[in-house]
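Novice: Following is a predicted model, sequence given first.
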Amino acid sequence: MTPIQTSQIWNLWHGCHRKSEGCQNCYVFRRDAQNGIDSNYVRKTASFNLPVRRNRRMQYKIPSGTEMMTCFTSDFFIEEADAWRGEAWQMMRERGDLSFFIVTKRPERIAQNLPGDWGAGYGNVIIYCTMENQRRADERLPLLRDLPLPHRGIICEPLLGDINFGDDFSSWCEQVIVGGESGSKARICDYTWVCHIRSQCVAAGVSFHFKQTGAIFRKDGRIYRIMRRIQGEQARKAGIDYTANHFDNNG
Ligand code: SF4
């Protein structure tokens, strides 16, 4: 893959529908509500063609090597976007010099919505699936495992309970990212759940990243209320990230 130089958010469409427990306090709905916007209305954004925009000299505005973080205010595989997704895939194909990071809670919709020339997958597209508790891991792990994806991983954020991944995720999962929930209605994230996931990753040789603690963090039975701006720093201080040697084993 192209070495990553910078990151850029690419919100192709805006709006979503709550899908599972992790969506309960979704920041998209929170923020839209403050502005009187109905989050359930899904629409294309003005940034839709961002990766292929050119300057007056006909050069791409987004520099080669940029990591495009897609759909932070929607879900890339949401139904309403079915008519627009083909064009999105085309842009990803055209910009083979960028990498595209997609996170979804809808792995059951991926297979039917891959482009016709996907084959074993575009090497510059990385798809992560969110699994916030055991119920969603049981549902989504087999779906994610069986897809033809060259780069894929798991996000447990907001982590709402302990999760057992089973023993076959090392052959296809590149990384597991874990984090708590933010906001005034945040639910507890317990450090024992985080450590249990980490130990499964280490045993399986899968990279692990503890991204942030969330606002309500429980450690050794004590509850800590953690301000947003230091949630990432507190997670880093735990010093439990793990990088597997064969991180690129699927590529
Ligand atoms: S899938 Fe993501 S964007 Fe959509 S409601 Fe759930 S948390 Fe929000």
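Specialist: Looks like it came in fine.
Novice: Which pLDDT value goes with the residue of the stretch 151-251 of the chain found nearest the ligand?
Specialist: Minimum separation of the stretch 151-251 of the chain from the ligand (C-beta to the nearest ligand atom) falls at Pro158, amounting to 9.0 Å. Backbone N, C-alpha and C define where each C-beta goes, glycine included. If you check Pro158, the pLDDT there is 98.
Novice: show me the contacts for the closest residue to it other than its chain neighbours.
Specialist: Distance criterion C-beta to C-beta, 6 or more residues apart in numbering; nearest residue to Pro158, sequence neighbours excluded, is Glu181 at 3.3 Å. Going by C-beta atoms under 8 Å, 6 or more residues apart in numbering, Glu181 touches 25, 157-160, 187, 189, 214-216.
Novice: what about the helices in the stretch 101-250 of the chain?
Specialist: 134-145, 191-204, 228-238 (DSSP state H, counting those that start in this stretch).
Novice: Tell me where the model's unsure across this protein.
Specialist: Applying pLDDT under 70 to the chain picks out residues 1-5, 246-251.
Novice: Can you name the residues of it that neighbour the ligand?
Specialist: Counting by C-beta under 6 Å from any ligand atom, the residues of the chain close to the ligand are 16, 18-19, 22-23, 26, 28, 74-75, 105.
Novice: Find the pair from those residues with maximum spatial separation.
Specialist: Gly22 and Ser74 (14.9 Å; C-beta to C-beta).
Novice: on that earlier part again, the residue of the stretch 151-251 of the chain closest to the ligand contacts Ser20, doesn't it?
Specialist: No. Taking C-beta atoms under 8 Å as the definition, Pro158 is not a contact partner of Ser20, at 11.1 Å.
Novice: between these two, what contacts are shared?
Specialist: In contact with both Pro158 and Ser20: Glu132, using C-beta under 8 Å, 6+ apart.
Novice: more crowded one of the two?
Specialist: Pro158 (27 against 17; other C-beta atoms under 10 Å).
Novice: hang on, the earlier thing: give me the buried subset of the residues of the chain next to the ligand.
Specialist: 16, 22-23, 26, 28, 74-75, 105 (16 or more other C-beta atoms under 10 Å).
Novice: Okay, and which of the residues you listed map to helices?
Specialist: Using DSSP state H, the subset of those located in helices is Val28.
Novice: can you put the buried ones among the residues of the chain next to the ligand in a markdown table and add distance to Gln134?
Specialist: Listed next are those as a markdown table, based on distance: C-beta to C-beta, whole Å:
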| residue | distance to Gln134 |
| --- | --- |
| Cys16 | 23 |
| Gly22 | 13 |
| Cys23 | 17 |
| Cys26 | 21 |
| Val28 | 25 |
| Ser74 | 26 |
| Asp75 | 21 |
| Lys105 | 15 |
